[in-house]
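Engineer: Sequence and computational prediction follow.
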Amino acid sequence: MKNCLLFLTRYPYPPVGGDKVKSKNLVEILSKNFNLTIVLITDESYNEVSENFLKKNTTKYFVYRFPKYRFLLNSIRGILKKDPIQVSYYYFKSIKDKINLEIENCDFIINNLIRTSKYVQDSKKIKFLDIVDSIGLHYLEAQKKSTSIFWKYIYKIEGKKVLEYEKKNILEFNNTFFVNKYESEFYTKYGKTTWIPNGVNPELFRYSLKKNTISKKVVFFGKMDYQPNIEAVLWYIRNVHHLVKSDYEFIILGAYPSKEITKYSNKYKNISVTGYIDNPYDILTSCTLVVSPMQIGGGIQNKVLESMALGQINILTHKVARPITFGIPNEHYLVEDDPVKMSILIDDILLNREKYSRIGLNARKLIKEKYTWDNYELKLLRLINSY
C-alpha cells in the first residue's frame, strides 16, 4: 500500500459542521486504501474521543498544539507579510523541522485547505491540495455583503492575498480538489483542478418525514459559530421573519450559537435557538421546511445536502443553489433571493405543504444518485491512483 501524508488543522471527529464531516469521511477513505499518517496542527483542546478516532484510522499521527497566544502572534506576523493570515496562523518553523522525515517517507501528500500548504511548498513529492472551495473568491464577495465590521476588515485585508495564494498553490500542486464545479473550472487556467462534490451519510436515507407530526416550523440548519451561517440567519430575521403572516416557529438548529444569535430567542417568542443536539435529524424530519438564505460563503453546503437527503423541502438563495450542479430549481429545491417573495413562498408552504411535497421526494432521489461518499471515494481514488 502507498503511504499517504495528510495535513489537517481541525480534529475530524466528532463531525460537527460541514468541514469536519468532510474531513471525517476523507480520513476514513484514505485509511482504508493507504498507510495513512496525519499531521494535525490545531488550536483545539485535547479531546479523547477525537484522539481515539485518529488512533483507529491512521498508521500513525502527530498532533501539534500550542497556546492560543502563539497562534495569535503568528497572525500578527502574517499581517506584515505577503502570506495570508490563516496561512501564517498555522505555520510553525519547529513543526516543519520535525515532519521533514514524514514528508520524505510518504508517496504522496494531501493538504486540507491552503492553511497547511506552506509546510510542503519545497517538496517534490506528488501533492494534492484539498482546497474544498475558493476562500479568496468568497472573501472578495463577502467584503461587500457582510454586516460585521470586524469581518469586513478581515475580508478586505485577506481577500486579495488569499486569492493570489490559491493561484500560486494550484500552480505548484499536482492537482487541486474543489467541491464547487464552477470554482474548479474557474481555476483551471492556473493549474490542474478536479471537481469532487461532497456526499452525505447513508444513514440519512433511513429516516422518513414524520407526516403526522409536521407542524408549522421552519428550520435553519448549520454550525452557528461560522460567520456565513450567522450572516444568513441575521439576514432572514431582519428581512423575512416579520413578513411571514402564518403563526409559525423559526428554529435555528446548530452548535455553538453566537450571542448575537441567541439574543433573538429572547426578543421573539417564535424564534428558538437549539445549540448542539446529538440528533438534529429528529427536528429536521418533523419541521415543515428548511431555509438556507446564505448571503456569503462558498462551496457546496453539507447542511443543504443533508436536509435534501431527508426528503425535506428546501428554500435556497441562488448563492446556495448554484454549487448543487445536478440540482434543478422548482424540481429539487426552491430558489428565492427577494425577502418579500421568500416570505410569501414560506406562507404558502406552511398552509399547503402537500402542494410542494414532490420537491422533497425529488431532492432525496437526487442525493441518493449523485451526492454520496461512495461516489466521492471512487472519484478521489481514481484521481490519486492516476499519478
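Structural biologist: Here it is on my side, so go on.
Engineer: Mind naming the longest helix for this protein?
Structural biologist: helix 149-172 (DSSP state H).
Engineer: Where does pLDDT dip in the stretch 201-350 of the chain?
Structural biologist: 211-214, 299 (pLDDT under 70).
Engineer: any idea how far Val240 is from Gly360?
Structural biologist: Distance of Val240 to Gly360, computed by Cβ to Cβ, to the nearest Å: 21 Å. Quick note: C-beta positions are derived from backbone N, CA and C, even for glycine.
Engineer: oh sorry, the question was meant for Tyr46
Structural biologist: With Cβ to Cβ as the criterion, Tyr46 and Gly360 are 41 Å apart.
Engineer: Of those two, which one has the most company?
Structural biologist: Of the pair Tyr46 and Gly360, Gly360 is the one with more neighbours under other Cβ atoms under 10 Å, namely 22 against 10.
Engineer: Touching, that one and Gln312? I think so.
Structural biologist: Yes - checked against Cβ atoms under 8 Å, the pair Gly360 and Gln312 is within contact range at 5.3 Å.
Engineer: Could you pull out the strands in the stretch 151-300 of the chain for me?
Structural biologist: Secondary structure of the stretch 151-300 of the chain, counting by DSSP state E, counting those that start in this stretch: strands at 175-178, 193-195, 217-221, 249-253, 271-275, 289-292.
Engineer: Figure out which of those strands is closest to Lys20.
Structural biologist: Taking Cβ to Cβ as the criterion, strand 217-221 is the member of the strands of the stretch 151-300 of the chain that comes nearest to Lys20, at 15.0 Å.
Engineer: Tell me what angle that closest one forms with strand 271-275.
Structural biologist: Taking axes from the mean of the first three to the mean of the last three Cα atoms, to 10 degrees, one finds that strand 217-221 is oriented at 40 degrees with respect to strand 271-275.
Engineer: Name the strands paired with strand 217-221 and say parallel or antiparallel.
Structural biologist: Sheet pairing here is set by DSSP bridges, and for strand 217-221 it gives strand 249-253 (parallel), strand 289-292 (parallel).
Engineer: Give me the residues contacting that strand.
Structural biologist: When contacts are taken as Cβ atoms under 8 Å, 6 or more residues apart in numbering, the neighbours of strand 217-221 outside the stretch itself are 229, 232-233, 236, 244, 248-254, 280, 283-284, 286-293, 303, 306-307, 346, 350.
Engineer: Go again with 6 Å.
Structural biologist: Defining contact as Cβ atoms under 6 Å, 6 or more residues apart in numbering, one finds that strand 217-221 is touched by 233, 249-253, 287-291, 303, 307.
Engineer: just stretch 265-281 next, same as before
Structural biologist: Residues lying outside stretch 265-281 but in contact with it, judged by Cβ under 6 Å, 6+ apart, are 207, 249-253, 255, 257, 262, 264.
Engineer: Likewise for stretch 345-364?
Structural biologist: If you take Cβ under 6 Å, 6+ apart as the criterion, stretch 345-364 is touched by 216, 244-246, 248, 288-289, 308, 311-313, 331-332, 336.
Engineer: What of stretch 196-213?
Structural biologist: Residues from elsewhere that reach stretch 196-213, judged by Cβ under 6 Å, 6+ apart: 22, 177, 179, 281, 285-286, 300, 302, 305-306, 309-311, 367, 371-373, 376, 379-380.
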